[in-house]
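Novice: The following block contains a protein sequence and its predicted model.
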Amino acid sequence: MGLFSVPGLLTCLLLQVVWSLPSPETTEIDLDGGIDQDIFDINEALGLDLFEGDIKLPVDRNSIIGDNYRWPHVIPYVLENSLEMNAKGVILKAFEQYRLKTCIDFKPWEGEKNYISVFKGSGCWSSVGNLQMGLQQLSIGANCDRIGTVQHEFLHALGFWHEQSRSDRDDYVTIVWDRIQSGKEHNFNKYDDNRSDFLNVPYDYNSVMHYSKTAFKNGTDPTIITNIPDFIDVIGQRMDFSEYDLKKLNRLYNCTSSLSFMDTCSFELENICGMIQSSDDNSDWQRLSQVPAGPNTDHTNMGECKDSGYFMHFDTSAGGEGSTAVLESRFLYPKRGFQCLQFYLYNSGNENDRLNVWVREYTSANPNGTLRFIKEIEGSPETYWQLHHVSLNVTSKFRVVFQGVRGSGLSSGGLSIDDINLSETQCPHHVWHIRNFTHLLNTSPAGKKGIIYSPPFYSSEGYAFQVSLYVNGTADNPFNLGIYLSLISGANDDHLKWPCPWQQVTMILLDQHPDIRQQMSNQRSVTTDPGRLSESSSNYTWDRPDKVGSEATFPNGTKYMRGPGVGTSAFLTHERLRSRNFIKEDGVYILLTMEDISHLLSTQPSIPPPLVTTASATTTTKAGPGPTAATRPPSGTEITTTTASTTTASTTTASTTTATTTASTTGTTNQPGDPEVPAFCPDNPCENDGVCVMVNRAPVCRCPAGDNWWYMGEKCERKGSTHENTVIAVSSTITVFVVMLIVTITTAVCLKKKYKQGKENKESVTLEETKTSF
Ligand SMILES: [Zn+2]
């Protein structure tokens, strides 16, 4: 939470790619064991016999057909305490992809009749559609904590079958029946038009719902052969929604917009996406496809398309110092109160030329708009496009304003911008740009000698970390990108908690498609579990790097300590790496975020809380199943207090990426793999709109909760909130109870408004600070 500023010392040492001396002592933990385990491999290894590998069928299959199997556009969910911490964080990231690319949103369950209970069962599976059964289970078991897997299972829940079960699939793939394990043939059934509607979208080899070629194989040969051979290694992708996945989902749910997408512009059309040139400047941005001093091509098409490929250019070779050109976006209407602006910049002018990003905000007090400065972007001229992220926190109608400023000194070129995306999402915290990537691919050996190391980065909490990339795979697993996270020794280590608790690092290989909605980036997340022991059990994996790490050296000779690496040798195959826009202008971008997810832990009071207390709750540092209370909602959100007078002003929170988990209160959770589907209790003993369900044949109250408040207790009789980890239990006197009811009602009303009136959230702002290294 911003306890430490980013120290200058190490960041001064940043280079684009840090080649480090070999340090064979650095241990590495491969979360995938060198195998790219798909959903079906995971479930098969567990001996599960689910329909089509990962579908839990209802008793009456036919009931899922029809409009009533759809969910409302905002799906209530519970993240059960049985879930691994990394899985919880990944599920929230998957929800963010739904919010960006579809009209589906998710909200913590607050007592709605039907909701999805995400838990750690055996394997990864879901039912298909809304079965209208109250609590509907979806399992994210061990090794299922990958964003594509979570997206896949939720697509089942939303009503989608596997792509290769379409009635027309034999036109596109050939099922090789004698290569399928005997008894597993039913997993390759196809459905007639009454069972599955493909919504007038073509067969999609690229679907996140397609089996891979090796599904249910009995040997080594593929069980599915694509009729167009080029697609044999395309099927089975688990990176992100494909274009057609989105088309189908958006058709089924009549989507016309999404919660968090705002705008995209590649300047291919002459209307330049409705952007306007300002009149109060002395120059204009020009729409060009080439500038003699550079760039030679735009970023969108890299010059590969004739008569297209435009960008906007501010010529700094003419005009005097201080001359400006201003380009403003059309009006934009925020819903969440935080935005990430992404764009590519090419500087062929002078190092003193600058690009300033402003926002023009329109409020009732300033109907003509007020300019607010956001960020100055400067840097020496380069011969390539560079990706930039700028965090905004705008809550009213606004325009984004790009202001080019000519600096002192000679220039033969200028500033160019292209491929702008604006979304109400969190920006990545760090960007690692690796250039000349083809050369690296061609020359790096497999194994440790082919590792390249990122520059050191600091999290907002102050932890220093580094990512290592096996360009040509590990010795055991060549032809893959391998990626590992290590904590490294840093300037704040004496002031930080060790072993490092619950920091989730997300490593994204960016698909540089110009439109953020069509990007299919590849990502993995690793969470620092402070209780994780090294293989020899002699120390903790995430302890201080100067205690458990090995010595390494920066290119300038500075020595430091690098902790064990945790990641995967099966991050992405070279085949997929060469697809899409992962490599563009011969460079790749790895986007990195390290965030504290300890708010997703459950608080587990060891004794029943006293009736009235304001003492700080102890944050437990071990996650896991067990008797549950309400999961502690995220820190950093605004506080709901127990007095009605202050509640109204305090319930607007900008962060909808947060989850609040409600769970049972009396020592019973759904056990992993528990096939029992809880029924509702005959008499509802729960207070405060809690819902009673039968779990293990005992009545359990599921208590309502919001982003920053929740009810707990056997009957949901007590309320908690996030006031700096303070759990406020209230007495059961009638007076307080009445106050609580008022709070509940007010909070519910305010929560409904939260997307419309997201206020600045201090932690969000901290996290939004983009700390790119260049
Ligand atoms: Zn599936």
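Specialist: Happy to help now that I have it.
Novice: In the stretch 501-650 of the chain, where is pLDDT below threshold?
Specialist: Residue ranges of the stretch 501-650 of the chain with pLDDT under 70: 603-650.
Novice: got the residue ranges for the strands in it?
Specialist: 503-509, 522-527, 550-553, 559-562, 565-573, 588-596 (DSSP state E, counting those that start in this stretch).
Novice: Just put those strands in a markdown table and tack on distance to Phe51 and mean neighbour count.
Specialist: Glycine gets a C-beta too; all of them are placed from N, C-alpha and C. A markdown table is the format used below for these (distance: least, Cβ to Cβ, whole Å; neighbours: other Cβ atoms under 10 Å):
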| stretch | distance to Phe51 | mean neighbour count |
| --- | --- | --- |
| strand 503-509 | 32 | 23 |
| strand 522-527 | 28 | 24 |
| strand 550-553 | 48 | 18 |
| strand 559-562 | 46 | 20 |
| strand 565-573 | 27 | 23 |
| strand 588-596 | 36 | 22 |
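Novice: can you list those in a markdown table and add distance to Asn114?
Specialist: Putting the strands of the stretch 501-650 of the chain into a markdown table (distance: least, Cβ to Cβ, whole Å) gives the following:
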| stretch | distance to Asn114 |
| --- | --- |
| strand 503-509 | 29 |
| strand 522-527 | 29 |
| strand 550-553 | 52 |
| strand 559-562 | 48 |
| strand 565-573 | 35 |
| strand 588-596 | 31 |
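Novice: List just the one of these that sits closest to Val173.
Specialist: Closest to Val173 of the strands of the stretch 501-650 of the chain is strand 565-573 (Cβ to Cβ; 19.7 Å).
Novice: And the closest one, what does it pack against?
Specialist: With contacts taken as 3 or more Cβ pairs under 8 Å, 6 or more residues apart in numbering; DSSP states H and E, strand 565-573 sits against strand 28-30, strand 464-470, strand 480-488, strand 503-509, strand 522-527.
Novice: before we move on, back to that, of all the strands of the stretch 501-650 of the chain, which one is nearest Val326?
Specialist: Nearest of the strands of the stretch 501-650 of the chain (Cβ to Cβ): strand 588-596, 27.9 Å.
Novice: Strands of the stretch 1-150 of the chain, residue ranges please.
Specialist: 28-30, 74-79, 105-108, 115-119, 124-126, 135-140.
Novice: Residue ranges in the stretch 351-500 of the chain under the pLDDT threshold?
Specialist: If you take pLDDT under 70 as the line, the stretch 351-500 of the chain has no such spans.
Novice: at 90 what do you get?
Specialist: Residue ranges of the stretch 351-500 of the chain with pLDDT under 90: 378-380, 475-477.
Novice: residue closest to the middle of the chain?
Specialist: Lys93 (3.0 Å; Cα atoms, centre = their mean).
Novice: so Leu441 sits in a strand?
Specialist: No. Leu441 is assigned helix when assessed by DSSP: H, G, I helix; E, B strand; the rest coil, not a strand.
Novice: thought it was touching His574?
Specialist: Yes. At 7.4 Å, Leu441 counts as touching His574 under the criterion of Cβ atoms under 8 Å.
Novice: Between these two, which contacts overlap?
Specialist: Counting by Cβ atoms under 8 Å, 6 or more residues apart in numbering, the contacts common to Leu441 and His574 are Asn472.
Novice: before we move on, the earlier item: looking at the strands of the stretch 501-650 of the chain, which is closest to Tyr69?
Specialist: strand 522-527 (30.1 Å).
Novice: Figure out how far that closest one is from the centre of its chain.
Specialist: Strand 522-527 sits 9 Å away from the centroid of its parent chain (Cα atoms, centre = their mean, to the nearest Å).
Novice: Tell me which other helices or strands that strand touches.
Specialist: Using 3+ Cβ pairs under 8 Å, 6+ apart: strand 522-527 touches helix 85-101, strand 503-509, strand 565-573.
Novice: contacts for that strand?
Specialist: Residues contacting strand 522-527 (Cβ under 8 Å, 6+ apart): 31, 84-86, 89-90, 93, 145-147, 239-240, 483, 485, 502-509, 511, 566-568, 571-572, 576, 582, 597.
Novice: ok, now stretch 371-378?
Specialist: With contacts defined as Cβ under 8 Å, 6+ apart, stretch 371-378 is touched by 345, 351-361, 388, 390, 392, 401.
Novice: okay, among those, which ones form the most distant pair?
Specialist: Farthest pair in the contacts of stretch 371-378, by Cβ to Cβ: Glu351 and Glu361, 31.0 Å.
Novice: The two: who's more crowded?
Specialist: Remark: of Glu351 and Glu361, Glu361 carries more neighbours, 17 against 14, as counted by other Cβ atoms under 10 Å.
Novice: Contact partners for that one?
Specialist: Contacts of Glu361 (Cβ under 8 Å, 6+ apart): 369-370, 372, 394, 396-398.
Novice: So how do I select the buried members of those residues in ChimeraX?
Specialist: In ChimeraX, a selection of the buried entries from the contacts of Glu361 looks like this (16 or more other Cβ atoms under 10 Å):
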select :369,394,396,398
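Novice: In CSV: the contacts of Glu361, plus secondary structure and distance to Asp197.
Specialist: Listed next are the contacts of Glu361 as CSV, based on DSSP: H, G, I helix; E, B strand; the rest coil; distance: Cβ to Cβ, whole Å:
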residue, secondary structure, distance to Asp197
Gly369, coil, 47
Thr370, strand, 50
Arg372, strand, 48
Val394, coil, 40
Ser396, coil, 41
Lys397, coil, 39
Phe398, strand, 40
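Novice: Mind checking the pLDDT average for stretch 201-210?
Specialist: Taken as a whole, stretch 201-210 has a mean pLDDT of 96.
Novice: first vs last residue of that stretch, how far apart are they?
Specialist: 14 Å (Cα to Cα, to the nearest Å).
Novice: Pull out the buried residues from it.
Specialist: In stretch 201-210, counting by 16+ other Cβ under 10 Å, buried: 201, 203-210.
Novice: who's in contact with it?
Specialist: By Cβ under 8 Å, 6+ apart, stretch 201-210 touches 148, 151-152, 155-156, 160-164, 166, 168-169, 171-172, 226, 228, 231, 234-245, 247-248, 251.
Novice: picking that back up, of all the helices and strands packed on strand 565-573, which one comes closest to Asp67?
Specialist: Among these, the nearest to Asp67 by Cβ to Cβ is strand 522-527 (34.1 Å).
Novice: out of the contacts of stretch 201-210, which are buried?
Specialist: Applying 16+ other Cβ under 10 Å to those flags 148, 151-152, 155-156, 160-164, 166, 169, 172, 226, 231, 234-245, 247-248 as buried.
Novice: quick one: which of those sit in helices?
Specialist: 148, 151-152, 155-156, 243-245, 247-248 (DSSP state H).
Novice: and of those, the nearest to Leu135?
Specialist: So of these, ranked by how close each gets to Leu135 (Cβ to Cβ), first place is His156, at 16.4 Å.
Novice: Alright, calling it a day.
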